[in-house]
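Undergrad: From the sequence below, what's the structure:
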Amino acid sequence: MSRFLFRQNLQTCDVFINHRGIDTKRTVATLLYDHLSRLNLCPFLDNKNMKPGDKLFDKINSAIKGCKIGVTVFSPRYCESYFCLHELALIMESKKKVIPIFCDIKPSELRVPDNGKCPANEVQRFNRALEEAKYTVGLTFDSLKGNWSEVVTNASDIVINSLMEIESED
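TA: Numbers count the residues shown, from 1 in each chain. Prediction:
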């Protein structure tokens, strides 16, 4: 049993779910994680995959580098988070396929805040990643009018089809 647990902890994830917890952790991010898990995929979601004692950047950076696809859930406060922008930039720099979900926000509204808290080179890096994401076809979702099950199912279908494409290229 202990060998299995050790092996499981080393397993790379199929899908990295990048999101702003305060906006989407209790909704689309966790629903998507659970749905993908039931489909026998290995998704990564910070609060599901990280344990006390894990080094935050090491674990997240490793998960991103090891994943095949990134799902980015953009939300109204997404760009306020250094961590979200760092993860997005790393996903883009790693040339992973990205599936954006624009939840309660339009792509044109995504901007890195100019608050002076972030070094200029990081701001440029984040802006490049956001620009690339803005021009990637994704799903749009209005949480006041939309069906949660539908957006999660659609995103999962896209993930599965994308994984099959990646597998066939290898």
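Undergrad: count of neighbours near residue 40?
TA: Neighbour count of residue 40, defined by other CB atoms under 10 Å: 7. Where C-beta positions appear, they are placed from N, C-alpha and C, glycine not excepted.
Undergrad: Which parts of the host helix or strand of residue 65 count as buried, going by neighbours?
TA: Secondary structure from DSSP states H and E places residue 65 in helix 56-66. Neighbour-count burial for helix 56-66 flags 60, 63-64, 66 (criterion: 16 or more other CB atoms under 10 Å).
Undergrad: ok, now stretch 117-127?
TA: Across stretch 117-127, burial judged by 16+ other CB under 10 Å covers 118, 123, 125-126.
Undergrad: ok, and what's touching that stretch?
TA: The contact list for stretch 117-127, computed with CB atoms under 8 Å, 6 or more residues apart in numbering, reads 82, 85-86, 88-89, 93, 112, 114.
Undergrad: Could you do stretch 71-83 as well?
TA: 15-20, 22-24, 28-29, 32, 60, 84-85, 88, 91, 98-105, 107, 110-113, 117-118, 122, 130, 133, 155, 159.
Undergrad: So in this structure, which helix runs the longest?
TA: helix 148-169 (DSSP state H).
Undergrad: Need the residue closest to the centroid of this protein.
TA: The centroid of the chain falls nearest to residue 18 when counting by CA atoms, centre = their mean (2.3 Å).
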